[in-house]
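In: Quick one: sequence plus predicted model below, questions after.
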Amino acid sequence: MSDKYENEADIAVDPLSLNRLYGRSKGKKLREGQQYLLDNLLPQISVPEQGDINSKILFGDERPLHFEIGFGGGEHMAYRANMLPDHGFIGCEPFINGVAQLLPQIENYDNMGPLANIRLHMGDALSVLKRLPDESLSFAYLLHPDPWPKARHAKRRMMNDGPVGLIHQKLKAGGEFRFGTDHPIYVRHALMVMQRNRDKFIWLNNGPQDFQNRPSGWPQTRYEAKARRLGHEIWYFRYQKPA
């Protein structure tokens with residue numbers, strides 16, 4: 001990797017200051033059942049479009065909150081929500097097909113019934129994250145984000161100082177930020193960013209086994225499965241906000 005890449009990545013403007021999304025918002029045509037859930041279920045579980053939001057507004061009570069940035073097909077969020085039914089999960093995904101893939105899981109997860117502890121936003125995650133109270137999240141997740149591998153696109157990566165600082169601001173003391181990727185350029189960039197923010201996070205790492213093996217309670221997503229089929233190595237990172 002060239003010094004040119006490292007220098008450009010270090011000075012890149014991050015997504016927090018850009019206030020816009022990149023890439024597609026829609027792919028292949030939805031199936032009839034997916035469109036039905038998009039029209040009927042999504043409005044019932046959507047995050048309010050405006051105003052402050054908190055656990056009581058979203059779920060009617062006080063409970064630990066989890067926030068997933070770009071949940072893809074929703075496998076991780078549905079798994080975690082089913083595992084922790086007394087916790088609240090907020091998921092943001094701009095890609096309509098990803099939202100459509102998660103909605104059937106919310107309606108009836110693994111033939112065990114609906115998941116009542118998920119709220120969704122089809123759009124920019126940072127705009128929702130800003131509206132949460134400071135120190136309100138127990139977990140934040142960023143799994144297999146778009147790597148934007150070219151140096152000139154480094155500013156588009158979610159792993160940059162602004163979003164990382166915002167995640168720190170919204171996490172409770174002792175709260176955890178989980179990040180996963182199969183892209184070597186993104187790993188190197190992310191590690192540089194987290195090194196710059198080492199005063200905000202403790203890396204929960206006792207050796208290579210901790211970032212080379214999927215931790216307990218961290219299910220495989222379809223993106224990870226695809227990466228494995230392609231022979232890619234997967235990295236798993238856990239960071240904790242100091243108590």
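Out: Arrived safely, thanks for sending. For clarity, every value in this text was computed on a predicted model and none was experimentally measured.
In: Flag every buried residue along stretch 63-74.
Out: Arg63, Pro64, Leu65, His66, Phe67, Glu68, Ile69, Gly70, Phe71, Gly72, Gly73, Gly74 (16 or more other CB atoms under 10 Å). No exception for glycine: its C-beta is placed from N, CA and C like everyone else's.
In: first vs last residue of that stretch, how far apart are they?
Out: One end of stretch 63-74 sits 21 Å from the other (CA to CA, to the nearest Å).
In: quick check: mean pLDDT across that stretch?
Out: When pLDDT is averaged over stretch 63-74, the result is 97.
In: do stretch 227-242 as well
Out: Averaged over stretch 227-242, pLDDT sits at 96.
In: Now do that stretch: distance to the chain's middle.
Out: When C-alpha coordinates are averaged (CA atoms, centre = their mean, to the nearest Å), stretch 227-242 and its chain have centres 13 Å apart.
In: From the opening residue of it to its closing one, how far?
Out: 32 Å.
In: Quick one: residues in contact with it.
Out: If you take CB atoms under 8 Å, 6 or more residues apart in numbering as the criterion, stretch 227-242 is touched by 144, 168, 171-184, 187, 190, 194, 200-205, 210-215, 218, 224.
In: So for that stretch, what gets flagged as buried?
Out: Under 16+ other CB under 10 Å, the buried positions of stretch 227-242 are Ala227, Ile234, Trp235, Tyr236, Phe237, Arg238, Tyr239, Lys241.
In: before we move on, back to that, show me just the buried residues among the contacts of stretch 227-242.
Out: Taking 16+ other CB under 10 Å as the criterion, what is buried in the contacts of stretch 227-242 is 144, 168, 171-172, 175-183, 187, 190, 194, 200-201, 211, 218, 224.
In: Sort out for me which of the contacts of stretch 227-242 are in helices.
Out: The helices, defined by DSSP state H, take in His168, Pro184, Val187, Ala190, Met194, Asp210, Phe211, Gln212, Glu224 from those.
In: so Asn197 touches Leu166, yeah?
Out: No. At 11.3 Å, Asn197 does not count as touching Leu166 under the criterion of CB atoms under 8 Å.
In: More neighbours: those two, which one.
Out: Each of Asn197 and Leu166 has its neighbours counted (other CB atoms under 10 Å); Leu166 has more, 19 against 15.
In: in this structure, which spans are helices?
Out: Under the criterion DSSP H, the chain contains helices at 3-11, 32-40, 42-45, 55-59, 75-83, 96-107, 125-129, 161-170, 184-196, 208-212, 222-229.
In: Let me have these in TSV, extended by distance to Ile118.
Out: Listed next are those as TSV, based on distance: least, CB to CB, whole Å:
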stretch	distance to Ile118
helix 3-11	34
helix 32-40	13
helix 42-45	6
helix 55-59	10
helix 75-83	5
helix 96-107	6
helix 125-129	14
helix 161-170	18
helix 184-196	26
helix 208-212	28
helix 222-229	18
